[in-house]
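Participant: Predicted coordinates and the sequence they were generated for:
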Amino acid sequence: MQRPFPPTRRLAAMALCLLAAACKPAPQTPAPAQPAPMQAAPAAKIDEAERLARWQRLGYGMFVHWGLYSELGGVWQGKPVTTGYSEQIQGWAKIPEADYAKVAERFAAPKFDADAICGLAKQAGARYIVVTSKHHDGFVMFDTKSTDYNIVKRTPFGKDPLKLLSAACRKAGLGFGVYFSLVDWHAGHTPETDHNSNPIPASMEPLIEQQLRELMTNYGPITEVWFDMSAPTPEQSRKFATIMRELQPQAAINGRIWNNAGDFVTLGDNEAPPPSMQPPFEVPASIYHATWGYRSWQARDDLPGKVRELTRGLVQARAAGGNYLLNIGPMGDGSVVPFEADVLHGIGAWLQRHPQTMQAKPSGLPPQPWGATMRDGDALYLYVHDWKAGPLRVAGLASDPSEVRIDGGDVLKWHRDGNDLLIDLPANAPDTVLPVLRVALSGPLQAVPVQPVVAADDGSWKIAFEQWRAGNSFAFGSGYLTQATTTVSLDADVASTQAQRVVLKLVGARARADRRYRVAIGGHAVEVPGAELATGTIGPFELPASPATRLEIRLADPAYPAEDLGLDFDAAELRPAGAASP
């Protein structure tokens, strides 16, 4: 793992276009696969959208950081190593390679229990596990033929924990994923703990490729492949991704394979999704922000507060459309830290009280200062972390409810204030972790932004560029320090008193001629070449009579999820079809 860095400022559209062109995956000739002891994946090609949708439906996973560093527990030569993550203790404490390798001689892990770890994940409500197969220290945590620097050959434990965990996951009905560090201090990378942005020399590629092929062929179906750190070239990122696609076409690849070759964006360590963040993304979260690997001297207190904090983090990620990956760091003996188990039990108990959280989707309502909102069918769920007696204002909810109640509890009174719904809250919060309200809607959810654009006197709508809301993501070049904010969608809302046919015109538009755009108004969408988007009139569309109808612009077929629109314009004009343009 890596310390989070603040997002860099958005690159200019032209620079991002060049980045997209350079990083778009190109066909590779896959190397011959090694014989596999079990079938890794179905032979049929997996549709990219379906692969991502399957992963998004999982929603919540458990990360497991366990390795040789766990035996040290954040201590070297009798003293706590107080700088850096404890899984990187070899680098932070400047431990000589020979001395670090000797730690393996006492790594017996008598209490490692794969079934117990998977059972904890199930109790916590997680749907998949991602376990460290190799961290920056290069000590391999599975049975590999690539090096004897591994847990099977060097330790008294002498077994393959990934084999045990993958089997336990299948038995428990959990997805199984692997973390793989592209930095390898044992194979030749210099321990550079601040950024871990080491290039990958050509001499190291065969080792990485062999280990990836072993991981993708020896452990059954893989749900997620979680790469980390280093600074590979675009060609290297594509080569590693090709191995995944060849052997595990159903696996989702995280963005830290770099060069935009992955399926989803990995946010910074413990980074909450920005308000404008668009899926697909995953939030990697740790119980203690100071470490991911086991730390024997870590302060562990305020269990109720920790359960509240991480439950809210889970809801915040889910309400934004992202996945949440919560880490545990087992001890060197293989057992789970009791405090960490108690935290996960607390989250799991809350999810049992509010099970809709894992199937609900973002509501589309404006951000609410008191918490998060999600919807599931005809029900809207309000996650109220700031509970106060009196009226709770749900801004922008134009739909009338048929009933409002505490989730699993009493019915509450409500009334309207324009496009806002006000709910009378009792003094005492009904859930000490995170209270939830259930709003049964009498019809389709109708979300109204704070200021939808209204028609001008001539019956047209003029929407300045500044009135459009940008949906953002992050693109990457080679390594962590190349992060750049991208605009992947533009949204605006208009109010209309009558149903009518309309056309859209972007004034002063500058778009990418090599791309197609998806323009949607309400439920009607069309694809438009970039040149036509910049110069022509789009439509017609059916605009309903509504206090707010959504206008949306996206790339029709982005080369990668975070690809920038490459679009700019002065304003948008929406006018009745057949009306003369000024």
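Facilitator: Yep, it's here. This one's a predicted model, so the numbers in the text were calculated from it and none came from an experiment.
Participant: quick one: low-confidence ranges for the stretch 251-400 of the chain?
Facilitator: Applying pLDDT under 70 to the stretch 251-400 of the chain flags no residue at all.
Participant: swap in the chain?
Facilitator: Residues of the chain that meet the criterion pLDDT under 70 lie in 1-46, 192-194, 579-582.
Participant: Could you list the domains of it?
Facilitator: What automatic domain parsing lists as the domains of the chain is 58-356, 364-441, 461-576.
Participant: Put together JSON lines for those domains, with mean neighbour count and distance to A447 on each row.
Facilitator: Yep, even glycine has a C-beta here, placed from its N, CA and C like the rest. Below are these laid out as JSON lines (neighbours: other Cβ atoms under 10 Å; distance: least, Cβ to Cβ, whole Å):
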{"stretch": "domain 58-356", "mean neighbour count": "20", "distance to A447": "14"}
{"stretch": "domain 364-441", "mean neighbour count": "17", "distance to A447": "5"}
{"stretch": "domain 461-576", "mean neighbour count": "18", "distance to A447": "7"}
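Participant: Any idea which of the ones you listed gets closest to R51?
Facilitator: R51 sits nearest to domain 58-356 of all those, at 5.7 Å, using Cβ to Cβ.
Participant: and the closest one, how far out from the chain's middle?
Facilitator: Averaging C-alpha positions (Cα atoms, centre = their mean, to the nearest Å) puts domain 58-356 15 Å from its chain's average.
Participant: which one of the domains of the chain lies closest to D47?
Facilitator: Closest among the domains of the chain, once you apply Cβ to Cβ, is domain 58-356, at 9.5 Å.
Participant: ok, back up a step: output the domains of the chain in a markdown table; the columns should cover distance to D47.
Facilitator: Below are the domains of the chain laid out as a markdown table (distance: least, Cβ to Cβ, whole Å):
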| stretch | distance to D47 |
| --- | --- |
| domain 58-356 | 9 |
| domain 364-441 | 25 |
| domain 461-576 | 13 |
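Participant: Can you classify the residue nearest to S166 when sequence neighbours are not counted by secondary structure?
Facilitator: The shortest distance from S166 to any non-neighbouring residue, by Cβ to Cβ, 6 or more residues apart in numbering, is to Y219 (4.2 Å). Secondary structure, DSSP: H, G, I helix; E, B strand; the rest coil: Y219 is coil.
Participant: Hmm, L162 and Y219 touching each other?
Facilitator: Yes: the criterion here is Cβ atoms under 8 Å, and Y219 meets it with L162 at 5.8 Å.
Participant: quick revisit: and of the domains of the chain, who's closest to E50?
Facilitator: Checking these against E50 by Cβ to Cβ gives domain 58-356 as the closest, at 8.6 Å.
Participant: From one end of that closest one to the other, what's the distance?
Facilitator: Using Cα to Cα, to the nearest Å, one end of domain 58-356 lies 13 Å from the other.
Participant: Over to stretch 558-576?
Facilitator: Start and end residues of stretch 558-576 are separated by 31 Å (Cα to Cα).
Participant: ok, back up a step: any common contacting residues for Y219 and L162?
Facilitator: Contact criterion Cβ atoms under 8 Å, 6 or more residues apart in numbering; residues shared by Y219 and L162: F142, V178.
Participant: re earlier: for A455, find the nearest of the domains of the chain.
Facilitator: A455 lies closest to domain 461-576 among these, at 5.4 Å (Cβ to Cβ).
Participant: where's the closest residue to G479 other than its chain neighbours relative to A299, distance?
Facilitator: Spatially, and ignoring its direct neighbours in sequence, G479 is nearest to A231 (3.3 Å; Cβ to Cβ, 6+ apart). Counting by Cβ to Cβ, to the nearest Å, the gap from A231 to A299 is 34 Å.
Participant: And for P279?
Facilitator: The gap separating P279 from A299 is 34 Å, by Cβ to Cβ.
Participant: What of V488?
Facilitator: Note on V488: its distance to A299, by Cβ to Cβ, is 40 Å.
Participant: and if you look at G522?
Facilitator: Note on G522: its distance to A299, by Cβ to Cβ, is 53 Å.
Participant: Same check on N323?
Facilitator: According to Cβ to Cβ, N323 and A299 sit 28 Å apart.
Participant: Help me confirm that W55 is found in a helix?
Facilitator: Yes: according to three-state DSSP, W55 belongs to a helix.
Participant: residue boundaries of the strands in the stretch 251-400 of the chain?
Facilitator: For the stretch 251-400 of the chain, the strands defined by DSSP state E, counting those that start in this stretch occupy 252-253, 265-266, 281-286, 323-328, 361-362, 371-376, 379-384, 390-394.
Participant: helix/strand/coil for P430?
Facilitator: Here P430 is recorded as coil under three-state DSSP.
Participant: Show the contacting residues for it.
Facilitator: Shown in contact with P430 (Cβ under 8 Å, 6+ apart): I406, D407, G409.
Participant: Over to M244?
Facilitator: L212, M216, V225, A251, I253.
Participant: any idea which element the second one lies in?
Facilitator: Pointing back at M216 there. helix 205-217 (DSSP states H and E).
Participant: what helices or strands is that helix leaning on?
Facilitator: Applying 3 or more Cβ pairs under 8 Å, 6 or more residues apart in numbering; DSSP states H and E, one finds that helix 205-217 contacts strand 128-134, strand 175-181, helix 234-247.
Participant: gap between T487 and A470?
Facilitator: For T487, the distance to A470 (Cβ to Cβ) stands at 5 Å.
Participant: meant to ask about G313
Facilitator: As judged by Cβ to Cβ, G313 and A470 stand 24 Å apart.
Participant: circling back to that earlier point, closest one of the contacts of M244 to R106?
Facilitator: Of all the contacts of M244, the one sitting nearest R106 is L212; the distance, using Cβ to Cβ, is 29.4 Å.
Participant: which ones are touching that closest one?
Facilitator: L212 touches F180, F240, I243, M244, counting by Cβ under 8 Å, 6+ apart.
Participant: Who is the first one paired with across the strands?
Facilitator: So that's F180. K134, F227 (DSSP bridges).
Participant: In this structure it contacts V225, no?
Facilitator: Yes: counting by Cβ under 8 Å, F180 does reach V225; the two are 6.7 Å apart.
Participant: quick revisit: how about the strands of the stretch 251-400 of the chain in JSON lines, adding distance to R518?
Facilitator: JSON lines is the format used below for those (distance: least, Cβ to Cβ, whole Å):
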{"stretch": "strand 252-253", "distance to R518": "23"}
{"stretch": "strand 265-266", "distance to R518": "20"}
{"stretch": "strand 281-286", "distance to R518": "20"}
{"stretch": "strand 323-328", "distance to R518": "24"}
{"stretch": "strand 361-362", "distance to R518": "19"}
{"stretch": "strand 371-376", "distance to R518": "23"}
{"stretch": "strand 379-384", "distance to R518": "27"}
{"stretch": "strand 390-394", "distance to R518": "30"}
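Participant: So which of those is nearest Y149?
Facilitator: Y149 lies closest, by Cβ to Cβ, to one member of these: strand 323-328, at 24.2 Å.
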